[in-house]
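# Sequence plus the predicted model coming up.
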Amino acid sequence: MDSRPALGRAGEDAAADLYRRQGFKVRDRNYRCSLGEIDIIAQSGRLLVFCEVKTRATDRWGLPAEAVNVRKRARIRRLAGSWMHDHRAAAEEIRFDVVSVLVANDRLTVTHFPHAF
């Protein structure tokens, strides 16, 4: 990958593909509001998933998923409420996932953490 935006986009594309392969419909990507951004919102039946995707080119400073700290989790929860309000969405179950993507030699290693928080 030649740039940080391209690296992030590749990771988010891989995560969206993962959800589609699992039978989810990707409802939204890169939802933004004044609170911040959610990378992927996916749905399967009455289950709504809010996903943070972390992509890195090296694990030298830790695995990508380790960057989703307590503060980031709280922000994502608030963003999920904002998205549901904006889209008048209802769900019987809400899940918060993390997808970690490590890129090495143009190969993606994707690790999915369902129910991450």
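Nice, thanks for sending it over.
# going forward, measure contacts between C-alpha atoms and count neighbours the same way
Fine.
# Neighbouring strands - and their directions - for the longest strand along the chain?
For the chain, the longest strand by residue count, based on DSSP state E, is strand 93-104. Here strand 93-104 has these sheet partners by DSSP bridges: strand 47-56 (parallel), strand 107-113 (antiparallel).
# so which of the ones you listed gets nearest Arg21?
Among these, strand 107-113 comes nearest to Arg21, with 12.6 Å by Cα to Cα.
# buried ones in that closest one?
By 16 or more other Cα atoms under 10 Å, the buried positions in strand 107-113 come out as Leu108, Val110, Thr111, His112.
# For Ser82, see how far away the first one is.
Counting by Cα to Cα, to the nearest Å, the gap from Leu108 to Ser82 is 31 Å.
# Please apply the same query to the last one.
Going from His112 to Ser82 by Cα to Cα gives 24 Å.
# before we move on, the earlier item: can you tell me which of the buried residues of strand 107-113 lies nearest to Cys51?
His112 (9.8 Å).
# Now do the contacts for the residue lying closest to the closest one once chain neighbours are set aside.
In space, and not counting its chain neighbours, His112 is closest to Val99: 4.6 Å by Cα to Cα, 6 or more residues apart in numbering. With contact set as Cα atoms under 8 Å, 6 or more residues apart in numbering, Val99 has these partners: Ala15, Cys51, Glu52, Val53, Lys54, Ala65, Val110, Thr111, His112, Phe113.
# again, only this time at 7 Å
Residues near Val99 by Cα atoms under 7 Å, 6 or more residues apart in numbering: Ala15, Glu52, Val53, Lys54, Ala65, Val110, Thr111, His112, Phe113.
# The last one contacts Arg95, correct?
No: counting by Cα atoms under 7 Å, Phe113 does not reach Arg95; the two are 10.7 Å apart.
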